[in-house]
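# Build me a model:
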Amino acid sequence: MSEEQTNSHGSVVVGGDVSINTAAGDQEQLIVGQEHHHYPLPVIPALYAKLLLLIVLPAGGFLVPVLHRVDTGTDAFSALQYLHVIIWGFVMMLTWYIKAEHKKSRILGYHDFYNTTRHLHRITFYILSGGNVILIVLGSVVKDYCLGNSSSRCSLAISLTPVTYQQIIFFLEIFFAIPFVIKHIVDVVRFNIAEAPPDTLAEDVALRFTHPDSYVGVRGPSNLERVLERQADLLQVLRHRNSVLTRQVYLLSQQIHQA
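As a prediction, the model looks like this:
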């Protein structure tokens, strides 16, 4: 296969791999005719950060009441409310980043992996958001019915304090959220290790689009919605690759004119 290279402010390589380096050092790759190229998903650090935040939540729930000082102006109950909101905010930002990377992976052609993990990165955020709602209700109940401080019982029949209720909520949140984060980490690690090519452009998928009635499992109108969804993903992938290729051709022509 012929190969053309240009080196001035950057480099352009046309061949099995089409890559371009701009003056800023950015690099984009477009695979032309190479079926086994893999695009890894760089969300492992963000997932570990989310897991660490979930561990900090119950740890802080037990340490803050012990280490809290009265002269700070707030009681332990309010301090734990603030702690939960701060952790929720960090988890929200990590969720946005992970969601954006998953969407980028789908655009690059990983339709099946996107569908299997599309809810994993949201569940933790939903659980903590539900915890926020419960803590707001708890704060109102404490204000209306608990006349003492955060260390006093709200009822003579129950020996639990408002802080104890917060600790129970924190524990339930991580009990339900951590398994989903661990599963997400395992799925992404396996995906990156497998180094599979984009499934949207696989030959068997193309066969399903062109001859759906002849492919086992894609018969009749019952699977029409699924086929149309895969076709829409294929068009999105091709549009993305076409835009990258157009930009590379433009930069190549600019470098040729400057040479």
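
# Now do the buried residues in whichever strand or helix holds Ser78.
Element membership of Ser78 [criterion: DSSP states H and E] is helix 76-107. If you call a residue buried by 16 or more other CB atoms under 10 Å, then helix 76-107 has these buried ones: 76-77, 79-81, 83-84, 87-88, 91, 94-95, 97-98, 101-102, 105-107. For glycine as for every other residue, the C-beta is placed from the backbone atoms N, C-alpha and C.

# who touches His125 in this structure?
Check again: residue 125 is Phe, not His. 91-92, 95 (CB atoms under 8 Å, 6 or more residues apart in numbering).

# which of these lies closest to Ile134?
The closest of the contacts of Phe125 to Ile134 turns out to be Val91 (CB to CB; 16.0 Å).

# where does the chain dip in pLDDT?
1-36, 69-73, 147-158, 200-241, 244 (pLDDT under 70).

# what about the helices in it?
Using DSSP state H, the helices of the chain run over 44-67, 76-107, 111-117, 120-145, 162-194, 203-210, 224-258.

# closest one to His38 among those helices?
Between His38 and the helices of the chain, the tightest spacing by CB to CB is seen for helix 162-194, at 7.9 Å.

# Run through the neighbouring helices and strands of the closest one.
helix 44-67, helix 76-107, helix 111-117, helix 120-145 (3 or more CB pairs under 8 Å, 6 or more residues apart in numbering; DSSP states H and E).

# re the thing from before, save the helices of the chain as CSV, and put in distance to His37 too.
Shown next, in CSV, are the helices of the chain (distance: least, CB to CB, whole Å):
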stretch, distance to His37
helix 44-67, 20
helix 76-107, 13
helix 111-117, 15
helix 120-145, 24
helix 162-194, 13
helix 203-210, 15
helix 224-258, 12
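
# Next one: Pro197 from Glu101, what distance?
To Glu101, Pro197 is 18 Å away according to CB to CB, to the nearest Å.

# whoops, I mixed them up, Leu160
In terms of CB to CB, Leu160 sits 42 Å off from Glu101.

# ok, now Leu54?
Look at Leu54 and Glu101: by CB to CB, they are 20 Å apart.
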